[in-house]
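A.B. asks: The sequence and its predicted three-dimensional model are supplied below.
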Amino acid sequence: MKPKYYLTTPIYYVNGAPHLGHAYTTIACDVLARWKRLDGFDVMFLTGTDDHGQKVEKAAAEAGMDPQAFTDRISAVFQDLAGRMGISNTDFIRTTQARHKAACSELWRRLRAADEIYLGSYAGWYAVRDEAFYDEDELTSRPDGTRIAPSGAVAEWVTEPSYFFRLSQWQDKLLKFYEENPDFIAPATRRNEVISFVRGGLRDLSVSRTSFRWGIPVPDDPAHVMYVWLDALTNYLTATGFPDPEAPMAGFWPADLHVVGKDILRFHAVYWPAFLMAAGIAPPKRVFAHGWWVAGGEKMSKSVGNVIDVDELVRSFGLDAVRFFVMREVPFGNDGDFHRKALIQRINTELANDLGNLCQRSLSLIARNCEGRLPARGAGASEDDVAMLAAAEALPGLLRGHFDRQAFSDALEEVWRVIRAANAYIDRQAPWALRKTDPARMEMVLRVLADVLRGVATVLQPFMPDAMARMLDQLGVPDYARAVADLANPLPDGTPLPAPQGVFPRYTEEVV
Ligand code: MSP
């Protein structure tokens, strides 16, 4: 039986249309999901939408729509975007679904039965844009007296009856949990931030609201709706069939990885494991917080009005190039400034030149000089051949390590190191000159190149599924031999290859 791997994106607020920032998290998860499948895992990959809460209710009211109809519409836009981005999610969850309401209600009942939730009343600050409570000392003031959260969102004073989760009781248990599970929060700088936040002391958390209706009613007290973050976080459990232990996906819990933006790490790394442990449920294994795409120095967001439209990017540059660029340009975890010029540069240098040309040169030499059939490796490999093949053969092992740390740009750098070495190898060996002088040697060199390209294309499939499928077609690799494990079996000598075609065209900016 294949080992299981369960990873999730955050569920997106449906208060507006998706942009590059949202697509980024989902693409990163998709790359990882595809890698894990390629590497022999049974993968559950969840994404979806966060339909409830005051922020969504407000957006629906502004659009003059009933919240259900509004969320139906925007949720569908997110679902379509996932399709257009080639996302291989195995489920798409919405928090308005019946399965989710049932799971949340059950989690609530368990927390209540364990006396982890009690009724009180909340008087404090709340920022609708963040759907988060803030302490007085976290806020700053504008000249007009408006109070501002660290995120820049406006905070409002709220007084209402509320249920509370006894988060204050979880400080030591959380710290112990982080210590025993050093990989639970990544990157390390974020882990340190979370730990110092928890060390600073935790207050009980308000987990219900009475001032609006758009949420899941609290069991046995329908005047309250559940706090949208308790509702939203539970989605990860809902999708595994919770509370049914016999559900088909039940074996996927605990999740292996939640990928989130750094703005929502606290919810995932503090509240979520506390809720779960309090209900007697295993916490997830890891939470990775990535950085933001910024434009003009600010986080790309609809409210700031500096968003990049992903569909436009894909129309101009192609899906694979966009996926490659966002994973390559910025180390996962850091912030990145989005520049079209940088994207064009990467397309032309790394895709068209380094990889595209290497492939085109090697395959056209094979087409012309080997009757379009895969040449044999033959005996008597040179030191250069052996070193070149060894570099390609080391890729899966190296990449496995990078993927398990979510170090996507390191994984790509590793592959490009091999691609650059192969370009140097072809120039050094000059197989075009060997045709007359030493045809056996020429065949050897071309076969080494074909094998290296196969290794490269195989491990790049998660990043650029379409382009790499075309490249593997040209290399004569059958559909059923494209997994990591298949690299152990060389293709038969003489495998017929189709006529070579360019995989990555250069991008030339239209001169206006
Ligand atoms: N609904 C909550 C998540 C609940 S998960 C149980 C939420 N939604 S969101 O739509 O506001 O954001 C979803 C994700 O998109 C977050 O991880 C956030 O960091 C990410 N991004 C939104 N804008 C972004 C950028 N400009 N750059 C990178 N990612 C950003 O929070």
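C.D. replies: That came through fine. Numbers count the residues shown, from 1 in each chain.

A.B. asks: Around the ligand, pick out the residues from this structure.
C.D. replies: Within reach of the ligand by Cβ under 6 Å from any ligand atom, the chain has these residues: 10-13, 21-22, 24-25, 50, 232-233, 235, 260-261, 263-264, 292-293, 299-301. C-beta: built from backbone N, CA, C; applies to glycine.

A.B. asks: Look through the chain and state the residue closest to the ligand.
C.D. replies: At 1.6 Å from the ligand, Gly261 is the closest residue in the chain, using Cβ to the nearest ligand atom.

A.B. asks: bridging residues for that residue?
C.D. replies: Following DSSP bridges, Gly261 is listed with bridge partners His290.

A.B. asks: Kindly export stretch 70-88 (C-alpha atoms) in CSV.
C.D. replies: Included here for stretch 70-88 are C-alpha records, laid out as CSV according to Å, rounded to 0.1, in the frame of the first residue of the first chain:
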residue,chain,number,x,y,z
PHE,A,70,-23.0,35.7,-3.3
THR,A,71,-20.7,33.0,-2.0
ASP,A,72,-22.0,30.5,-4.5
ARG,A,73,-20.9,32.9,-7.2
ILE,A,74,-17.5,33.8,-5.9
SER,A,75,-16.7,30.3,-4.7
ALA,A,76,-17.2,29.1,-8.3
VAL,A,77,-14.7,31.7,-9.5
PHE,A,78,-12.1,30.2,-7.2
GLN,A,79,-12.9,26.7,-8.3
ASP,A,80,-12.6,27.7,-12.0
LEU,A,81,-9.3,29.4,-11.3
ALA,A,82,-8.0,26.2,-9.8
GLY,A,83,-9.0,24.4,-13.0
ARG,A,84,-7.3,27.0,-15.2
MET,A,85,-4.1,26.8,-13.1
GLY,A,86,-3.9,23.0,-13.6
ILE,A,87,-4.4,22.4,-10.0
SER,A,88,-4.7,18.7,-9.1
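
A.B. asks: And it, what's buried?
C.D. replies: Phe70, Thr71, Ile74, Ser75, Phe78, Gln79, Leu81, Ala82, Met85, Gly86, Ile87, Ser88 (16 or more other Cβ atoms under 10 Å).

A.B. asks: Just the residues contacting it, thanks.
C.D. replies: With contact meaning Cβ atoms under 8 Å, 6 or more residues apart in numbering, stretch 70-88 is reached by 12, 14-18, 22-23, 26-27, 30, 33-34, 37, 45, 47-49, 51, 56, 59-60, 63, 65, 89, 92, 94, 96, 310-311, 314, 319, 323, 465-466.

A.B. asks: a markdown table please, covering the buried residues of stretch 70-88 and showing pLDDT and secondary structure.
C.D. replies: As requested, these are arranged in a markdown table below (pLDDT from 0 to 100; DSSP: H, G, I helix; E, B strand; the rest coil):
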| residue | pLDDT | secondary structure |
| --- | --- | --- |
| Phe70 | 97 | helix |
| Thr71 | 97 | helix |
| Ile74 | 95 | helix |
| Ser75 | 96 | helix |
| Phe78 | 95 | helix |
| Gln79 | 96 | helix |
| Leu81 | 93 | helix |
| Ala82 | 94 | helix |
| Met85 | 93 | coil |
| Gly86 | 94 | coil |
| Ile87 | 98 | coil |
| Ser88 | 98 | coil |
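
A.B. asks: nearest to Ile366, of those residues?
C.D. replies: Gly86 (29.4 Å; Cβ to Cβ).

A.B. asks: Cross the residues of the chain next to the ligand against helices and list the overlap.
C.D. replies: With DSSP state H as the criterion, helices contain Gly21, His22, Tyr24, Thr25, Ala232, Leu233, Asn235 from among those.

A.B. asks: Please list only the buried members of those.
C.D. replies: Buried among these by 16+ other Cβ under 10 Å: Gly21, His22, Tyr24, Thr25, Ala232, Leu233, Asn235.

A.B. asks: Out of those residues, which comes closest to Arg420?
C.D. replies: With Cβ to Cβ as the yardstick, the closest approach to Arg420 among those comes from Tyr24, at 26.6 Å.

A.B. asks: Nearest spatial neighbour of Pro3, chain-adjacent residues omitted?
C.D. replies: The shortest distance from Pro3 to any non-neighbouring residue, by Cβ to Cβ, 6 or more residues apart in numbering, is to Phe41 (5.5 Å).

A.B. asks: Figure out how far the helix or strand of the chain with the lowest mean pLDDT is from the centre of its chain.
C.D. replies: Using mean pLDDT, DSSP states H and E, strand 298-299 stands out as the lowest-scoring helix or strand of the chain, at a mean of 86. Distance of strand 298-299 from its chain centroid, counting by Cα atoms, centre = their mean, to the nearest Å, is 20 Å.

A.B. asks: Give the buried residues for the helix or strand following that strand.
C.D. replies: Counting by DSSP states H and E, the element after strand 298-299 in chain order, helix or strand, is helix 310-317. By neighbour count on 16+ other Cβ under 10 Å, the buried set for helix 310-317 is Val310, Leu313, Val314, Phe317.

A.B. asks: Kindly reformat the residues you listed as TSV and extend each row with pLDDT and distance to Ala440.
C.D. replies: Below are these laid out as TSV (pLDDT from 0 to 100; distance: Cβ to Cβ, whole Å):
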residue	pLDDT	distance to Ala440
Val310	92	50
Leu313	94	47
Val314	95	46
Phe317	95	42
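
A.B. asks: Just give me the closest of these to Arg377.
C.D. replies: Nearest to Arg377 among the buried residues of helix 310-317 is Phe317, at 37.0 Å by Cβ to Cβ.

A.B. asks: So that closest one sits against Leu343, correct?
C.D. replies: Yes - contact criterion Cβ atoms under 8 Å: Phe317 and Leu343 qualify, at 6.4 Å.

A.B. asks: who touches both of those two?
C.D. replies: With Cβ under 8 Å, 6+ apart, Phe317 and Leu343 have common neighbours Phe325.

A.B. asks: Only alpha carbons, please: show stretch 171-189 as PDB.
C.D. replies: This file holds the C-alpha atoms of stretch 171-189, laid out as PDB (Å, rounded to 0.1, in the frame of the first residue of the first chain):
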ATOM      1  CA  GLN A 171       0.300  27.900  26.900                       C
ATOM      2  CA  ASP A 172       2.600  25.200  28.400                       C
ATOM      3  CA  LYS A 173       1.100  22.400  26.500                       C
ATOM      4  CA  LEU A 174       1.600  24.300  23.200                       C
ATOM      5  CA  LEU A 175       5.200  25.100  24.100                       C
ATOM      6  CA  LYS A 176       5.900  21.500  25.000                       C
ATOM      7  CA  PHE A 177       4.300  20.500  21.700                       C
ATOM      8  CA  TYR A 178       6.500  22.900  19.700                       C
ATOM      9  CA  GLU A 179       9.600  21.600  21.500                       C
ATOM     10  CA  GLU A 180       8.700  18.000  20.900                       C
ATOM     11  CA  ASN A 181       7.900  18.700  17.200                       C
ATOM     12  CA  PRO A 182      10.600  20.900  16.000                       C
ATOM     13  CA  ASP A 183       9.400  20.700  12.400                       C
ATOM     14  CA  PHE A 184       5.800  21.700  13.200                       C
ATOM     15  CA  ILE A 185       6.300  25.300  12.200                       C
ATOM     16  CA  ALA A 186       8.500  26.400   9.300                       C
ATOM     17  CA  PRO A 187      10.500  28.400   8.400                       C
ATOM     18  CA  ALA A 188      12.500  28.600  11.600                       C
ATOM     19  CA  THR A 189      12.200  32.400  11.900                       C
END
